[in-house]
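Q: With the input below, show me the fold.
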Amino acid sequence: MKTTIALFLLLAASPASAVYFDAGLGQSFGHGNYVGTSGFVEVGEDDGIYAKPSFSTYHSDYIKSTKTYGLRAGYANKHLDIGLEGSVTPKVDGYRSNSLGADATFSLFPGRGSRRSALKESSGKSSSGLLRVDLGGGIRQTSHKEDTAAAVRRGRGTGHEINLNQTDLSAFAGASIFIVDANAELTQSLYSKSSDQMTRSLQQTAGTGANPAVFGFPNTSATAKVSVRLMPLLRPFAQYTHTTYKLQQPASHAYRLGAKTDLMMVQAQGYYEIYDPGAGAKKQAYYGLSAGLKF
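A: Model (predicted):
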């Protein structure tokens, strides 16, 4: 919090470029009485530093109420976005985690003022021709811990505390041509222990592009998203995510359809998702709505 306040004061005193402010809140629902809530506040310069604290919380019939708090800070302009981000998930039922990551995105043709990662659409007015080409990569390390008592109560493991580090290496790319935006991201996950030492499936924390109701040790994850600017105020999109897992778990598939609208200072988005756990398991449905303000 002190870091965020310091950055805000620095931005307010800086005459170099315009200061912007974004804030958003989202709500999602789904299988097993799943309910998720997320929100963020972002303040920064159009061409300079920015800070973005965020939170998420979710629960269902199978998951106790879990909260995650995050903070991202970085520097961005029309050609480059470099950021550091971290998150903390306090202990729930004996399990807790924290993560730290860094990423960078370079825009080859930043015609629409892209200043964020390739999986987030750029904002701005449409024009003819090639509008945007983004390339980037990132790394994130997550530390998973679980108390001995919780492991024994679940009937998994031998009573030893679980202490596992997960490293995610990601590469992403995006392009805008005429009225079409296309983005893709590929993530490879590495672990500090071999598969036979992974005593239970760890719960994924909520985040963009990840279904928080999924359990498992991800191996690879690939996401592709296409959106179309049909009208100035409406942008429908389609997204597909394919994830493979360790421990011989079946691969999962997620199909999401939605639309985003931009009304001056107000942005809104809705989606409907079908999640297929694989191996013939019953498909699950999720849906959500979010809204935000930008200044």
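
Q: What's the end-to-end length of stretch 222-241?
A: 6 Å (CA to CA, to the nearest Å).

Q: which of the residues in that stretch are buried?
A: Neighbour-count burial for stretch 222-241 flags Thr223, Lys225, Ser227, Arg229, Arg235, Phe237, Gln239, Thr241 (criterion: 16 or more other CB atoms under 10 Å). Just so you know, the C-beta spots here come from the backbone N, C-alpha and C atoms, and that holds for glycine as well.

Q: Show the subsequent helix or strand relative to the helix or strand bottoming out on mean pLDDT in the chain.
A: For the chain, using mean pLDDT, DSSP states H and E, the weakest element among its helices and strands is helix 2-13, scoring a mean of 50. Helices and strands here follow DSSP states H and E; after helix 2-13, the next one along the chain is strand 19-30.

Q: mind listing the strands for the stretch 51-200 of the chain?
A: 66-76, 80-92, 95-107, 130-146, 162-177, 180-191 (DSSP state E, counting those that start in this stretch).

Q: mind checking which of those strands is nearest Gly32?
A: strand 66-76 (13.9 Å; CB to CB).

Q: So in that sheet, which strands flank that closest one, and in what orientation?
A: Sheet pairing for strand 66-76, assigned by DSSP bridges, gives strand 48-59 (antiparallel), strand 80-92 (antiparallel).

Q: in what helix or strand does Gly280 lie?
A: Judged by DSSP H and E, Gly280 forms part of no helix or strand.

Q: contacting residues around Ser290?
A: Neighbouring residues of Ser290 by CB atoms under 8 Å, 6 or more residues apart in numbering: Gly24, Leu25, Gly26, Gln27, Ser38, Ala268, Gln269, Gly270.

Q: Drop anything exposed from those residues.
A: Applying 16+ other CB under 10 Å to these flags Gly24, Gly26, Ser38, Gln269 as buried.

Q: what about the closest residue to the third one other than its chain neighbours, how many residues close to it?
A: The shortest distance from Ser38 to any residue other than its chain neighbours is 4.1 Å, reached at Ser56 (CB to CB, 6 or more residues apart in numbering). Using other CB atoms under 10 Å, Ser56 is surrounded by 23 other residues.

Q: what's the answer for Ala251, then?
A: 15.
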